[in-house]
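Enquirer: what would the 3D arrangement of this be:
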Amino acid sequence: MIVLKNGVVLTNDKDDRVIWGGTVCITGNRITYVGDDAHAPAPQPADTVIDCEGSRLIMPGLVDLHYHTCISRGEGDWLPLMEWLDETWYPYINNIDPESAYHAAMASYCESIKAGVTCVNDMYRQLPSLARAAEDSGMRAVLSNDVMLRKFGHDNIDTAREAYEQCDGKADGRVEVYIGYEWMPKGSPELLREVRALADELDTGIHIHLNESLSEIEYSKEQFGRRPAELAYENGVLGPDCVAAHCVWLSDTEIAMMAETRTSIAHNPLSNAKLGSGIARVPDYLARGVNVGIGHDAAKCADSRDLWENIRAAAVYHRGARVDSSIMPASTVLKMATTNGNKALHHDAGSIETGRLADIVTVDLDTFAMTPLRWGDDQQLCSHLVYSNNGSYVLDSIIDGRIVMRDRQLTMVDERDVIRNATKAYLQMRERLGK
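Expert: Numbers count the residues shown, from 1 in each chain. Presented below is the predicted three-dimensional model:
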């Protein structure tokens, strides 16, 4: 059993309880006790005890709902989306080999773990390598290929089937495989239907880019006579098993389609801002009852895998854009990054309740970012988390009932080796590309 005691427990349950002076117990991969310290079961000699000493928050882990493993960053910062993809993204992923993909994924997942992320929804290539990285790092990962038309010589619908057969259920079930779809400039209505048919056949989900940029929408209208989200709706892709990334430029009609089909949306505010794509109408999506989570997109276009930065951006960008400080309250945004992300992926996590999956992190409360903090003030605690916190204050991470980080130290890998190997893979890739 793992026992976290003497902590502040942010449960995210239906009553939004915060237990000031609480204990959480984990047996196997499930939470078996949540409550005050006084009534907690006594730890046994063989148990692992983390004493929070009244200065650590115990909370659900974050879900990065739109994620790309990335082998490079810091290139093409000035380019808009289409040019950025063609000049700095596709050359790398078109030439990624299994070993390079493994080292890129290890660096990606380890950086995310250190920032409090316990699950990633990762669309990339070489899925067996990504599954191995998830197993070795301890990350929970939903993986998908970025499927395109065959003429592009990239991953196609057959690649997606093979990846599912090879990888789904790996790492004691922590790895799942969805069917990915890159976007309409690399696809077609026929491919959308193939993606839906394969997802239904395999009883799995779909991960798709939709309405990220105005240029994408214009391309789709010129080529297919419909906007991307309209095509996804008409060809049966949308649904409760579908995560639609970005959705920056949804029309009122398309928002209604998302709500009707119960499609989840992954909001990526920093990536969308840096690439000049725009600001999604997230307050409108939430008002229509659409489930919205948060993702960082890729380190190449968001520069950091620290999801707390996107949490803060999601809380403040919309207020500025709409000149309204009442929208996107801290409590709503925090649930987007925890509860909503798990709901989108149909995971039994996102709150600290008996019987739920043990995907849990602790956050240091004894920091300047959390100062001052009045003991017992739930609102102030939530405000500090959303507006002041960052990933460097995450101390411990438990994924599927296993401690993968303890006191900022990764427990399953050598961090320095991961960094060195990722750098080596990047430099070798640049050499192959003649850069």
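Enquirer: next up, phi/psi of the residue lying farthest from the centre of the chain, please.
Expert: Outermost residue of the chain with respect to the C-alpha centroid, by C-alpha atoms, centre = their mean, is P45; its distance is 36.2 Å. Here is the backbone geometry of P45 (degrees, to the nearest 10): phi -50, psi -30.
Enquirer: any idea of the pLDDT on L238?
Expert: On the pLDDT scale, L238 is placed at 98.
Enquirer: and L130, how far is that from I19?
Expert: Using C-beta to C-beta, to the nearest Å, L130 is found at 36 Å from I19. Every residue, glycine included, has its C-beta placed from N, CA and C.
Enquirer: and T23, that one's in a helix?
Expert: No. The assignment for T23 is strand, going by DSSP: H, G, I helix; E, B strand; the rest coil, so no helix is present there.
Enquirer: show me the contacts for it.
Expert: 3-7, 9, 33-37, 40 (C-beta atoms under 8 Å, 6 or more residues apart in numbering).
Enquirer: try it again at 7 Å.
Expert: Going by C-beta atoms under 7 Å, 6 or more residues apart in numbering, T23 touches 3-5, 33, 35, 37, 40.
Enquirer: nearest to M405 among the residues you listed?
Expert: L4 (13.3 Å; C-beta to C-beta).
Enquirer: phi, psi of the residue nearest in space to the middle of the chain?
Expert: The chain has D64 as the residue nearest its centroid, 1.1 Å off, counting by C-alpha atoms, centre = their mean. Backbone torsions of D64, given as degrees, to the nearest 10, read phi -90, psi 100.
Enquirer: for it, what are its contacts?
Expert: D64 neighbours (C-beta under 7 Å, 6+ apart): 112, 117, 120-121, 295-296, 307.
Enquirer: and those residues, which is closest to V361?
Expert: V117 (8.5 Å).
Enquirer: near that closest one, how many other residues are there?
Expert: Under the neighbour criterion other C-beta atoms under 10 Å, V117 is assigned a count of 30.
Enquirer: thought it was touching E309?
Expert: No. In this structure V117 lies outside contact range of E309 using C-beta atoms under 7 Å: 12.0 Å.
Enquirer: rewinding a little: compare L130 and I19 (neighbour count), which wins?
Expert: Neighbour count, other C-beta under 10 Å: between L130 and I19, L130 has more, with 33 against 18.
Enquirer: which segments of this protein make up each domain?
Expert: 2-60+351-410, 62-345 (automatic domain parsing).
Enquirer: end to end on the longest one, go ahead and measure it.
Expert: I take that to be domain 62-345. 13 Å (C-alpha to C-alpha, to the nearest Å).
Enquirer: now do that domain: distance to the chain's middle.
Expert: 8 Å (C-alpha atoms, centre = their mean, to the nearest Å).
Enquirer: report the spatially nearest residue to S112, omitting neighbours in sequence.
Expert: Spatial nearest neighbour of S112, chain neighbours left out: R305 (4.9 Å); criterion: C-beta to C-beta, 6 or more residues apart in numbering.
Enquirer: doesn't that neighbour fall inside a helix?
Expert: No. R305 is assigned coil when assessed by three-state DSSP, not a helix.
Enquirer: so what's the residue count around it?
Expert: 27.
Enquirer: next one, pLDDT for it please.
Expert: Note on R305: pLDDT of 95.
Enquirer: how far does stretch 197-213 stretch from start to finish?
Expert: 27 Å.
Enquirer: so for it, mean pLDDT?
Expert: For stretch 197-213, mean pLDDT is 98.
Enquirer: which residues does it contact?
Expert: With C-beta under 7 Å, 6+ apart as the criterion, stretch 197-213 contacts 81, 121, 123, 144, 157, 160-161, 164, 177-183, 195, 217, 227-229, 232, 237, 241-250, 277.
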